[in-house]
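[1] what follows is a predicted protein model with its sequence.
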Amino acid sequence: MVAADHPTGALVMPDSRTRLTSARFAVAVLLVLAGVLSTMGPATAAPRKARASYKAAIEPLARYQPQTTCSPRAKAGVVDLSRRLLRAYPGTRSLGIVRACAAGGRSEHKEGRAFDWGGLRASRAADRAKVKNFTTWLFAKDRHGNRYAMARRLGIQYVIWNRRIWGSYAAGSGWRRYTGANPHTDHVHISFTWAGARKRTSFWTGKVGNVLAAPKPTLPPPPPPSGSSGTRPRPQPVPPSTLPAGPEVVDETVTLPANATGVQMTGALVAGQPYLIEAQGTYSYTKGGRADAECSTSPWDGSWRRDRSVHRADPVNDHLDLYVDGHDLWAEADNGRECDTTNHMYRWSYTPQRSGRVTFKVWDPTPLRDNTGALTIRVIKSAPAEALTWTVPGKAGTGRTSPGALLGGETYVATVSGVVDVGQGVSSDAECTATVGDPVWRRSRQVSVAGGWSDDFDVLLDRDDVSAQPLARSNPAENCDSTGHTYSWLVRVDRTRPVNLRVDDPLPGDNKGSLTVRMERMPPLVGPETVTVDAADADGTPTARMYPAGRTVLLRVTGTYAIAPGIVADAECSRTASDPTWRSSRSQLTSSSGQALGDVTADTHLLDWQTASGARCDASGHSYTVRYTPRGTGPIVLGVADDRHSDNTGTLSVTVEPAG
């Protein structure tokens, strides 16, 4: 099966598997051991460079150059790097460079400038290490401080591996989720610019190559849309000589009608300050042709494409893109693919080179009088905030982005509250659902929706599912807050940027209601906090602070309580009226399932509490400590293990602090 692999799919190679007979088993073991030994050492070496050293001058990060010709002959740069990879990582193999012109969709393989590096399995740690070793070498800084140095010198435009894609045209976003038909779990796809494919870059020559230049298409251009024949094409937008001043933009939305020459912002951008630009919507530029901020269809080609020429007199340019201050945006589609053909939402991190009120324009080289529709453009200042609050409509398929940015490297407490009616008798909050037929709020319910699709309608942060904990466990069996419908978790971003939140619903158009989101920067976990645990509370008592998963804390507990008539207990031991000796286990404090009762728990886990003296019980001070590592991020819920809390009386004092 063949599929396009310019950020949507890749060549799929069938695997051949042979069942080993018992007679061949010993030979197979020896071969495997030999293979393992042969990869120890050389597999950790990066590909060999073509030159001993490089000067500071380096290529810019490459733009995406899609297939525009058919030239299925392996280009020299691709062949050379493929050989270097196979030498550096023994045991790997080539899955090919070229592809037939008639096979599948568009692909740089058809121009001989893409390599499928195979013999790899994402399920194998050794193979993941090989790929990580290569990509670390590819993206590392050189001695001159150039980021992504080898990728730039080689002229690489994107890499796909294990459901992730890195693109030079979106390098600031790092590895992004890849949702193409082929997950690329058995090979790495490496795509080159024309300059890199032809060995005309500094990796080979030592001189900076033109990675932005691509040959003009040799495929016959499509017929122009109605109205363009005989008319002079409208020129490409260019930056005006000056920009008017204005108040600084924090969060502004403008509408760009398709028949307008442009729309100017009320607020001003500041040079050097990053902004997030969101553009959504579609417009008609001719009869039978539609476009959004990055992609378009035409009367003769109904597929959405990122590059398209629509004027007979200008057949090689990329028209219909959105421009800001005379610069063509290279925005990422909300769905992680080349084009967002559902919601038509695109985002771009933009840092202006000058200050002032910028104008947004669409480059339509044909007359504007027949255009209909509009784009909605939102500009958010990517300045860090201590706290952010916003509302997410349930019916918004692309969710709602924060009105400011989270500070990279810092931890924020995210809180989401509210209920959304997602249709067909189903209600959802951030984690749980209830239906008309089953009004109990449940966390793991799968609900069928129109078209046979099902989901649990969780909230997504930047399109990824989160595991939020209820603020109040009114339904502890299901881990749901069925009264306040409020949940929280910790968020940490790698760089300063806004974040997006949405309801995971494939058919959001009929949704009603909204969620309220608050992100608040969490102060460093310094010093202890004290929690009073009511022994009669079956739900336990949560800490006031959030604690990240995997980070160990020190718990100290003191006090006693009555767990049953005639029985007094502390965190680890108990005594009775007939047996006043403090003991760590009693037959009266064992549930029918054999579980010990009476101990203080953290997140319902039984802990091995220790005394300062090393004795099993502290019969005088009733003071114990234990180191605890939360498995999930959120408050730590402290309680007592009991199968009947209603007859308990008394409280315990627990202090929680980060372990040194």
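    All right, it came through fine.
[2] contacts only, for the spatially most distant residue from the centre of the chain.
    When distances are taken from the C-alpha mean of the chain, S578 lies farthest, 60.7 Å away, according to C-alpha atoms, centre = their mean. Contact partners of S578, counting by C-beta atoms under 8 Å, 6 or more residues apart in numbering, are G566. Yep, even glycine has a C-beta here, placed from its N, CA and C like the rest.
[3] now the one 3 residues further on
    Shown in contact with T581 (C-beta under 8 Å, 6+ apart): R575.
[4] ditto for L212
    Residues in contact with L212 (C-beta under 8 Å, 6+ apart) are P60, A62, R63, T193.
[5] so where do the strands sit in the stretch 451-600 of the chain?
    Applying DSSP state E, counting those that start in this stretch to the stretch 451-600 of the chain gives strands spanning 454-455, 459-461, 464-465, 469-470, 486-492, 500-503, 512-521, 529-534, 541-542, 553-558, 561-564, 567-569, 574-576, 600-602.
[6] in the sheet, who's paired with T649?
    A562 (DSSP bridges).
[7] contacting residues for it?
    A535, A536, Y561, A562 are the contacts of T649 under C-beta under 8 Å, 6+ apart.
[8] what's the farthest-apart pair in these?
    A536 and A562 (9.7 Å; C-beta to C-beta).
[9] which residue sits closest to T391, ignoring its sequence neighbours?
    Excluding the flanking residues, the one nearest T391 by C-beta to C-beta, 6 or more residues apart in numbering is S514, at 5.1 Å.
[10] what's around the one you found, how many residues?
    By other C-beta atoms under 10 Å, 18 other residues sit near S514.
[11] is it bridged to anything, and to what?
    Applying DSSP bridges to S514 gives these bridge partners: P393.
[12] close enough to count as contact, it and V392?
    Yes: with contact defined as C-beta atoms under 8 Å, S514 reaches V392; the gap is 6.0 Å.
[13] D494 versus E278, what's the distance?
    Per C-beta to C-beta, to the nearest Å, E278 is found 20 Å from D494.
[14] quick one: which of these two has more around it?
    Legend: neighbour count by other C-beta under 10 Å for E278 and D494, higher for E278 (21 against 9).
[15] quick check: that one touching S402?
    No: the pair E278 / S402 is not scored as a contact, 11.5 Å apart, by C-beta under 8 Å.
[16] between those two, what contacts are shared?
    Residues touching both E278 and S402 (C-beta under 8 Å, 6+ apart) are I380.
[17] how is the protein divided into domains?
    Taking automatic domain parsing as the criterion, the chain consists of the domains 22-205, 251-381, 387-521, 529-658.
[18] any chance of TSV for those, columns mean pLDDT and distance to L212?
    TSV is the format used below for the domains of the chain (pLDDT from 0 to 100; distance: least, C-beta to C-beta, whole Å):
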stretch	mean pLDDT	distance to L212
domain 22-205	83	6
domain 251-381	91	12
domain 387-521	87	25
domain 529-658	91	43
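[19] would you reformat those as TSV and include distance to A245?
    Formatted as TSV, the domains of the chain follow (distance: least, C-beta to C-beta, whole Å):
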stretch	distance to A245
domain 22-205	28
domain 251-381	6
domain 387-521	23
domain 529-658	43
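[20] so which of those domains gets nearest S241?
    In terms of C-beta to C-beta, the element of the domains of the chain nearest to S241 is domain 251-381, at 10.5 Å.
[21] what is the end-to-end distance of that closest one?
    Start-to-end span of domain 251-381 (C-alpha to C-alpha, to the nearest Å) is 6 Å.
[22] go on, stretch 368-387?
    Note: stretch 368-387 ends 43 Å apart using C-alpha to C-alpha.
[23] now swap in stretch 575-585 and tell me
    Taking C-alpha to C-alpha, stretch 575-585 runs 10 Å from one end to the other.
[24] distance check, the closest residue to P476 other than its chain neighbours against T601.
    The spatial neighbour of P476 that comes closest, neighbours along the chain excluded (C-beta to C-beta, 6+ apart), is D539 at 5.4 Å. Plainly put, D539 is 12 Å away from T601 if you go by C-beta to C-beta.
[25] just R147 next, same as before
    Distance from R147 to T601, by C-beta to C-beta: 48 Å.
[26] of the two, which one has the most company?
    It is T601, of R147 and T601, that has more neighbours when counted by other C-beta under 10 Å, with 17 against 14.
[27] ranges for the helices of the stretch 51-200 of the chain?
    In the stretch 51-200 of the chain, the helices defined using DSSP state H, counting those that start in this stretch lie at 76-88, 125-139, 149-154, 194-197.
[28] excluding its backbone neighbours, what's nearest P365?
    Once flanking residues are discounted, P365 sits nearest to P233: 3.6 Å by C-beta to C-beta, 6+ apart.
[29] my read is the one you found is in a strand, agree?
    No: counting by DSSP: H, G, I helix; E, B strand; the rest coil, one finds P233 to be coil, located in no strand.
[30] L269 contacts E252, doesn't it?
    No: L269 is beyond contact range of E252, at 9.9 Å (criterion: C-beta under 8 Å).
[31] which residues do these two both contact?
    With C-beta under 8 Å, 6+ apart as the test, L269 and E252 both reach V379.
[32] more neighbours: which of those two?
    L269 (28 against 17).
[33] who does that one bridge with?
    Going by DSSP bridges, L269 is paired in beta bridges with G356.
[34] and what of the one 10 residues further on?
    The residues paired with A279 through beta bridges, assigned by DSSP bridges, are Y346, I377.
[35] then G373?
    Y283.
[36] contacting residues around it?
    Listed by C-beta under 8 Å, 6+ apart, the contact partners of G373 are P257, A258, G281, T282, Y283, S284, R290.
[37] apart from its neighbours in sequence, what residue is nearest W194?
    A214 (5.1 Å).
[38] ok, now T351?
    P274 (4.8 Å).
[39] again, but for C101
    In space, C101 is closest to C70, 4.1 Å off (C-beta to C-beta, 6+ apart).
[40] could you verify my assumption that the one you found touches K110?
    Yes: between C70 and K110 there is a contact under C-beta under 8 Å: 5.4 Å.
[41] please identify which of those two sits among more neighbours.
    Per other C-beta under 10 Å, whichever of C70 and K110 has more neighbours is K110, with 23 against 13.
[42] OK, contacts around the residue nearest to P239 when sequence neighbours are not counted?
    Nearest non-adjacent residue to P239, counting by C-beta to C-beta, 6+ apart: G326, 3.4 Å away. By C-beta under 8 Å, 6+ apart, the contact set of G326 is P237, V238, P239, P240.
[43] gap between G326 and D364?
    Computed with C-beta to C-beta, the distance linking G326 and D364 is 15 Å.
[44] please apply the same query to R586.
    For R586, the distance to D364 - C-beta to C-beta - is 82 Å.
[45] cool, E108 as well?
    Taken as C-beta to C-beta, the span from E108 to D364 is 28 Å.
[46] so for these two, which sits in the more crowded spot?
    When neighbours are counted by other C-beta under 10 Å, E108 comes out ahead of the other of E108 and D364, with 29 against 26.
[47] now that one: how far from W161?
    16 Å.
[48] show me the contacts for T135.
    Contacts of T135 (C-beta under 8 Å, 6+ apart): V159, W161, W166.
[49] correction: R586
    I567, S574, T576, G598.
[50] mind checking the SS state of the residue nearest to G172 when sequence neighbours are not counted?
    Closest residue in space to G172, ignoring its immediate chain neighbours: S349 at 5.7 Å, by C-beta to C-beta, 6+ apart. Recorded secondary structure, S349: strand (three-state DSSP).
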